[in-house]
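A.B. asks: Have a look at this prediction, sequence included:
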Amino acid sequence: EHVVESGGGLVQPGGSLRLSCAASGFTFDHYTVGWFRQAPGKEREGVSCLDNSNGNTYYADSVKGRFTISRDIAKNTVFLQMNSLKPEDTAVYYCAADWRDFSANFYCTEPESVDSWGQGTLVTVSS
């Protein structure tokens, strides 16, 4: 499904950013939506996922307590609020959505299940 990510940028350590994932041509109802990231030289990893069929969420251990995934139904957009950012959070962040009833846990831990990737949005955490 086609989604558009936005909201990346340069932020100092300890700062915050909010990423947006807007759906194009469909609604997120009953979709599992995930935020993934890929840092230079590293594999793509699941950061946070939301199963809209039941509201269950998944967070990678590295972001628990700092990142929050949420959905604005009216705007048909899923957000990733990132607080207390660290240099190791620097990466290209991607959003993906799937209708195949994947759990949030599965979708985030099995990024190879994602059908297609968008261009992503770059987040740089640096002083």
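C.D. replies: Arrived safely, thanks for sending.
A.B. asks: Bridged to the residue most central in space within the chain, which residues?
C.D. replies: Computing the C-alpha centroid of the chain and ranking residues by Cα atoms, centre = their mean puts Trp35 first, at 1.7 Å. For Trp35, the beta-bridge partners are Ser48, Cys95 (DSSP bridges).
A.B. asks: what's it in contact with, if anything?
C.D. replies: Listed by Cβ atoms under 8 Å, 6 or more residues apart in numbering, the contact set of Trp35 reads 19, 21, 46-49, 69, 78, 80, 93-95. Every residue, glycine included, has its C-beta placed from N, CA and C.
A.B. asks: Just send those back as JSON lines, with pLDDT, distance to Thr109 and neighbour count too.
C.D. replies: What follows is those, written out as JSON lines (pLDDT from 0 to 100; distance: Cβ to Cβ, whole Å; neighbours: other Cβ atoms under 10 Å):
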{"residue": "Leu19", "pLDDT": "98", "distance to Thr109": "20", "neighbour count": "25"}
{"residue": "Cys21", "pLDDT": "96", "distance to Thr109": "19", "neighbour count": "28"}
{"residue": "Gly46", "pLDDT": "97", "distance to Thr109": "6", "neighbour count": "23"}
{"residue": "Val47", "pLDDT": "98", "distance to Thr109": "11", "neighbour count": "24"}
{"residue": "Ser48", "pLDDT": "98", "distance to Thr109": "12", "neighbour count": "25"}
{"residue": "Cys49", "pLDDT": "98", "distance to Thr109": "9", "neighbour count": "28"}
{"residue": "Ile69", "pLDDT": "98", "distance to Thr109": "15", "neighbour count": "23"}
{"residue": "Val78", "pLDDT": "96", "distance to Thr109": "18", "neighbour count": "27"}
{"residue": "Leu80", "pLDDT": "98", "distance to Thr109": "17", "neighbour count": "27"}
{"residue": "Tyr93", "pLDDT": "98", "distance to Thr109": "17", "neighbour count": "22"}
{"residue": "Tyr94", "pLDDT": "97", "distance to Thr109": "15", "neighbour count": "23"}
{"residue": "Cys95", "pLDDT": "96", "distance to Thr109": "17", "neighbour count": "26"}
